[in-house]
Structures are given as structure tokens and as C-alpha cells.
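Asker: the following comprises the amino acid sequence and a computationally predicted model.
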Amino acid sequence: ASDATFAATSVGYRSQVTVTRPADTTPYTAGDVVGGAITFTTIGPTAGPVMLTSVDLRYDVAAIPSGMTSFRLHLYSATPPSALADNAAWDLPSGDRSVYIGFIDLGTIADLGSTLFTQVDGVNKQAKLAAAETSLYGYLVTTGGYTPAANSEVLAPTLRAIAL
């Protein structure tokens, strides 16, 4: 009946990755991968469907580097076969297509004094974890070219999800 009620429960997941840039100040161009492939561990139940609810990015530097604008997070259900390294131009080659989920634009990064930060809430992107997987994978990609402020900077993207 249309007036039937039911109880639903969901489980929330949070996974933060630490990305340490290489010990160089080599400039990035728009569309470059920052830090290589990343893994968001335990972001849902094994092989289960999830809804990504929010993502944020903490960048552990005290001032916005020259040219930096925003980032895009590309997501995959398995480790991307392309194995792009830091500062490589991001691409979606044919070998990655079967595991590609899509992307989330992270918006303009804000200077919060000793830390840079951006967040996106209300993402509401559905994804299905691969067989025997509880993780999602990704590439953090700069949307504007910039020159890193120092060697070995740390970025910490955090992904939040609920099980469906």
C-alpha cells in the first residue's frame, strides 16, 4: 500500500588519505595529477552500493601557491590501470574506462591561515564498490596550473559515504 511505513538504517563511512607530494617544487599545469593514485579504504560494505555525501581537501601549507585555483577528484572502483604518477597529465585511457566512476569538483581552495581547505557537501553521487572491495580509488587533479610552495607538501582528501 502507498501508506506503508518502513524503517531504514544506514551506516556512515569516512576515509581520509594522506598524499605527500614529491620533494620538489616542479610546477603543475592545469589537468596534472597531484601525488599519483590514491586509495580511500573502508568507504563502504564489501561490493556494496554507497552514496558519496561529501568530500573535503586539506592542504597543509600556510598560503595559496601562485596560480592555484581548485582541484577535481576522479574516482574509480578499482586501482586505475593507467598508474599515472605525480605531475602527469590526467587522462581517461581505454584501459581505465571500465572502473571509472566519475569526478567531483572540489571548488576554490580557501586560505584558513596555516592551512588551505575546501569542501563540497551534498554530493549525492552513487557508486558500486567492486567485488571483494571496500575501497574506492582516485586521482587528485589540479584544475589550474600552480607552483608548489615547498618540497613534500601534504594534502589530505577526505571522502564520506553512506551504505545504500
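Answerer: It's in.
Asker: which strand or helix spans the residue most central in space within the chain?
Answerer: What sits nearest the mean C-alpha location of the chain, by Cα atoms, centre = their mean, is L73, with 4.0 Å. Take DSSP states H and E as the rule and L73 turns out to sit in strand 70-76.
Asker: just the strands in the protein please.
Answerer: Taking DSSP state E to define them, one finds strands in the chain at 12-16, 19-20, 33-40, 49-59, 70-76, 100-108, 110-111, 116-128, 136-142, 154-163.
Asker: out of those strands, which is closest to P93?
Answerer: If you check each of the strands of the chain against P93 by Cβ to Cβ, strand 100-108 wins as the nearest, at 9.9 Å. In short, each C-beta sits where N, CA and C put it, glycine included.
Asker: need the contact partners of that closest one.
Answerer: With contact meaning Cβ atoms under 8 Å, 6 or more residues apart in numbering, strand 100-108 is reached by 52, 55-57, 69-77, 80, 92, 118-120, 123, 125, 127, 136, 143.
Asker: mind listing what the helix or strand of the chain with the lowest mean pLDDT pairs with, with the direction of each?
Answerer: Here the helix or strand of the chain ranked lowest by mean pLDDT, DSSP states H and E is strand 19-20, holding a mean of 94. Applying DSSP bridges, strand 19-20 is found paired with strand 154-163 (antiparallel).
Asker: okay, the angle between the strand it pairs with and strand 70-76?
Answerer: Counting by axes from the mean of the first three to the mean of the last three Cα atoms, to 10 degrees, strand 154-163 lies at 50 degrees to strand 70-76.
Asker: now do strand 154-163 against strand 33-40, angle only.
Answerer: Using the same axes, to 10 degrees: strand 154-163 against strand 33-40 is 40 degrees.
Asker: just the buried residues of strand 154-163, please?
Answerer: Using 16 or more other Cβ atoms under 10 Å as the test for burial, strand 154-163 gives L155, A156, P157, L159, R160, A161, A163.
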